[in-house]
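1. need a 3D model of the following:
(chains A, B, C and D)
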Protein chains: 2
Amino acid sequence: MRTSTDRRRGYASGDARRERILHIATQEFAEHGYRGTSLARVAERAGLSQPGLLHHFRTKEQLLVAVLELRDQRDMERFFADEAAGGLDLLTALVRVVEHNSRTPELVRLFVVLTSEAVTADHPAQDWARARYERLRAWVADALRRAAGAGEVRPGLDADATAARIIALMDGLQTQWLLDPDAIDMPALFRAHIDELLATLRPRA
Amino acid sequence: MRTSTDRRRGYASGDARRERILHIATQEFAEHGYRGTSLARVAERAGLSQPGLLHHFRTKEQLLVAVLELRDQRDMERFFADEAAGGLDLLTALVRVVEHNSRTPELVRLFVVLTSEAVTADHPAQDWARARYERLRAWVADALRRAAGAGEVRPGLDADATAARIIALMDGLQTQWLLDPDAIDMPALFRAHIDELLATLRPRA
DNA sequence: TAACAAACCTACCGAGTACTCGGTATCGGG
DNA sequence: CCCGATACCGAGTACTCGGTAGGTTTGTTA
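-> Numbers count the residues shown, from 1 in each chain, chains lettered A, B, ... in the order given. Just a heads-up that it's a prediction; the model follows:
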């Protein structure tokens, strides 16, 4: 039986194949970036011909978009399943995200590589990267504002600026960590930052 | 007349041409990354044929290395000409660097794009990126240690961790700023971080 | 001014790129 | 069982890529 969400868009075998393709494409984009990834190689690893691959995703750009959408969706699920963090709890939840990231370097590499590649001219992930940062900043800033409203935070805090800085630190640490995992204890460094931030944020420390 | 440093390695016209090529290649690498840059386009903009370009730089990788070396050298000159910052003065000097960067987005883009592209497999700038981070971290950490030795800083500071975090913040802010310059006031955000850091570092604030 | 290297050029190569065309086999619902 | 959609594949398109071979022009120097 077919549910209404299945827009009679293919067979089960096709769905499985698409899933496999997305899995492999995620690895390839993470390892070589968008420009460095070739459809031929993705197709080969997925066990079909290159035109066969393009049957499922009509262009390379469409494949990239599908990969990014799947990743965003999975990350959302994982984070919100974890718990719905309210005010300042969001910050400790972010620490847990970074700890999880340190166990999945391939996914971290995907984001680092693609977001930076996106600052080049005419890159297909440009809008995605911009929107993602905007969303992340708004998300953290809102949590900070809610914390301020609940009296968890001393007044006068610039929520937007603090949010941008938290996210910048996460990103910057990821780059250093990917290049030299032994030299950089990413979770510890991020946790230290959040701890100091919390110490200065409390109304009367 | 030829000085002894000119290792009879070409004519003056050739030197000028090489300089022009490096200037253009810097722009191209910044705008399209290493993989997205084509020698044909660099050659065209420099006003010679593509084999003519390869006469001066025998491979694409060699051209990249030359660009990076020139940039590192120029940046060193600029920074150390500014002043020899000792202990905590280095931090305020870094703020000035960020302010200067915010006026030269093309050079910021060069570093952001290439360092992140370098975390992909078999990238020619990998060693350069690793070495650069190591150097930057050691540089900032040393300054912090010297400040601690001079009593400018309360004891118990983890110089290496603090250095890594400062640099991570600089990098992360650059990415957000390049994607959305209007939304991110990069110098202000970095200055705020340094100010807070200085406040917590002083022996008895 | 002769000799020689530097600074190019045209022509070309093999490999790789994303993508298309025109088919065929296979699967699932009526 | 049949029919249409799906899931492919082989062959090829038009192009770009970095790099090479071999020659000619230009500039410097002895």
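
2. any bit of the least confident helix or strand in chain A by mean pLDDT sitting next to chain B?
-> The helix or strand with the lowest mean pLDDT-type score in chain A, counting by mean pLDDT, DSSP states H and E, is helix A:60-82 (a mean of 92). No: for helix A:60-82, no contact with chain B is found by Cβ under 8 Å from any Cβ of the partner chain; the gap never falls below 13.7 Å. (C-beta placed from N, C-alpha, C; glycine too.)

3. now swap in stretch A:123-136 and tell me
-> Yes: using Cβ under 8 Å from any Cβ as the criterion, contacts between stretch A:123-136 and chain B involve A:Q126, A:A129, A:R130, A:Y133, A:E134.

4. buried sites along the host helix or strand of the last one?
-> This points to A:E134. Assigned by DSSP states H and E, A:E134 belongs to helix A:126-149. Burial within helix A:126-149, assessed by neighbour count using 16 or more other Cβ atoms under 10 Å in any protein chain shown, is assigned to A:126, A:128-130, A:132-133, A:136-137, A:140-141, A:143-148.

5. what mean pLDDT does whichever helix or strand comes after the least confident helix or strand of chain A have?
-> Reading on from helix A:60-82 to the C-terminus, the next helix or strand found by DSSP H and E is helix A:89-101. For helix A:89-101, the mean pLDDT works out to 95.

6. hmm, the helix or strand just after the helix holding A:E134 in reach of chain B?
-> Of the helices and strands lying after helix A:126-149 in sequence (DSSP H and E), the nearest is helix A:159-179. Yes: taking Cβ under 8 Å from any Cβ as the criterion, helix A:159-179 and chain B are in contact, through A:161, A:164-165, A:167-173, A:175-176, A:178-179.

7. nearest to A:G14, of those residues?
-> Sorting these by distance to A:G14 puts A:L178 at the head of the list, at 34.5 Å, by Cβ to Cβ.

8. is it true that A:R191 touches A:V95?
-> Yes: the pair A:R191 and A:V95 qualifies as a contact (Cβ atoms under 8 Å) at a distance of 5.1 Å.

9. quickly list the domain ranges of chain A.
-> Structural domains annotated on chain A: A:11-67, A:83-205, as defined by automatic domain parsing.

10. A:E196: neighbouring residues, count only.
-> A count of nearby residues for A:E196, using other Cβ atoms under 10 Å in any protein chain shown, gives 14.

11. now do it against B:A199, distance only.
-> Counting by Cβ to Cβ, to the nearest Å, the gap between A:E196 and B:A199 amounts to 11 Å.

12. now A:R20, nearest residue through space, not along the chain?
-> Nearest non-adjacent residue to A:R20, counting by Cβ to Cβ, 6 or more residues apart in numbering or on different chains: A:A46, 5.5 Å away.

13. same deal with A:L68?
-> Using Cβ to Cβ, 6+ apart and skipping residues adjacent in sequence, the residue nearest A:L68 is A:W128, 5.3 Å away.

14. what of A:R130?
-> Take A:R130 and drop its neighbours on the chain: the residue closest to it by Cβ to Cβ, 6+ apart is B:L179, 5.0 Å away.

15. for that neighbour, give its distance to A:D127.
-> Distance, B:L179 to A:D127, by Cβ to Cβ: 10 Å.

16. for DNA strand D, what are the nearby residues on chain A?
-> If contacts are counted using Cβ under 7 Å from any atom of the strand, the residues of chain A sitting beside DNA strand D are A:8-11, A:13-15, A:17, A:47-52, A:55-56.

17. which of the residues you listed sits closest to A:L91?
-> A:L91 lies nearest to A:D15 out of the residues of chain A next to DNA strand D, by Cβ to Cβ, at 38.6 Å.

18. burial count for the closest one?
-> For A:D15, the neighbour count with other Cβ under 10 Å is 13.

19. which element, helix or strand, includes it?
-> Per DSSP H and E, the secondary structure element for A:D15 is helix A:12-36.

20. contacting residues around that helix?
-> Taking contacts as Cβ atoms under 8 Å, 6 or more residues apart in numbering or on different chains, the residues outside helix A:12-36 that touch it are A:10, A:37, A:41-42, A:45-48, A:53, A:56-57, A:60, A:63-64, A:66-67, A:70-71, A:106-107, A:109-110, A:113-114, A:117, A:123-125, B:33, B:35-36, B:117, B:120-121.

21. whichever helix or strand comes after it - contacts with which helices or strands?
-> The helix or strand immediately downstream of helix A:12-36 is helix A:39-46, counting by DSSP H and E. The contact analysis (3 or more Cβ pairs under 8 Å, 6 or more residues apart in numbering or on different chains; DSSP states H and E) places helix A:39-46 against helix A:12-36, helix A:50-56, helix A:60-82.

22. determine which two of the residues of chain A next to DNA strand D are furthest apart.
-> Using Cβ to Cβ, the residues of chain A next to DNA strand D span at most 26.6 Å, a distance reached by A:R8 and A:Q50.

23. look at those two and report which has more neighbours.
-> Neighbours around A:R8 and A:Q50, counted as other Cβ under 10 Å, are more numerous at A:Q50. The numbers are 14 against 5.
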